[in-house]
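Visitor: Build the 3D model from these lines:
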Amino acid sequence: RLRVGYFTQSPAIYSDLSVWQNVDYFARMIGAPRSRVAEAISEVSLDDRAKDRVGNLSGGQVARVSLAVAMVGSPEVLVLDEPTVGLDPLLREDLWTLFSRLGQKGVTLLVSSHVMDEAERCQRILLLRDGELLADATPQELKVGTGSANLDGAFLSLIRAESRK
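Guide: Now for the predicted structure:
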């Protein structure tokens, strides 16, 4: 349980508990050290809101609580399902900065997203359509291989090529 963390698209935390209580609860559930609670809250920059009830937080703060819960076990792999959907551009940038730091620390991040500008931030992309793998490449390789200026164009090009088969 400690090796994989999962950040869901919809918050999977308790709105009637505080930030601290949520992270502490999930730490206990997976057997993570209690010291990780404060560390995880700090990693998502919510130290000043640790005692606040989650139901009183903004959407972006709730997303960060969910991320702290996913990170409390210091996972080797972090699965991110649409991690920045519905968030403002500043918070999206903050989260991607955090994701980058985690990657630099050796955490493997698996990002599920239909937003190609988010895929652009990844080192490697697996493009899936109807359960079929269309591509496994870097963002640059995809653009060059399809002659597209962006990943949206690359994805569309691959889908069109697949439908002609």
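Visitor: Going by C-alpha atoms from here, please, whenever you check contacts or count neighbours.
Guide: Noted.
Visitor: Spatially, what comes nearest to Asp52 if we skip its sequence neighbours?
Guide: Ser18 (5.0 Å; C-alpha to C-alpha, 6 or more residues apart in numbering).
Visitor: Ok, Arg3 next?
Guide: Pro75 (4.4 Å).
Visitor: And Ala32, by the same measure?
Guide: Gly73 (5.2 Å).
Visitor: Repeat that for Val69.
Guide: Val23 (5.1 Å).
Visitor: all strands of this structure, in order?
Guide: Taking DSSP state E to define them, one finds strands in the chain at 4-7, 77-81, 108-112, 125-129, 132-137.
Visitor: nearest to Asp52, of those strands?
Guide: strand 4-7 (20.7 Å; C-alpha to C-alpha).
Visitor: List the contacts of that closest one.
Guide: 66-67, 70-71, 73-81, 83 (C-alpha atoms under 8 Å, 6 or more residues apart in numbering).
Visitor: Would you mind checking the residues you listed for buried ones?
Guide: By neighbour count, with 16 or more other C-alpha atoms under 10 Å, those hold 66-67, 70-71, 73-81, 83 as buried.
Visitor: Pipe those into TSV and attach pLDDT per row.
Guide: TSV is the format used below for these (pLDDT from 0 to 100):
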residue	pLDDT
Ser66	94
Leu67	93
Ala70	95
Met71	94
Gly73	93
Ser74	93
Pro75	95
Glu76	96
Val77	97
Leu78	96
Val79	96
Leu80	94
Asp81	93
Pro83	88
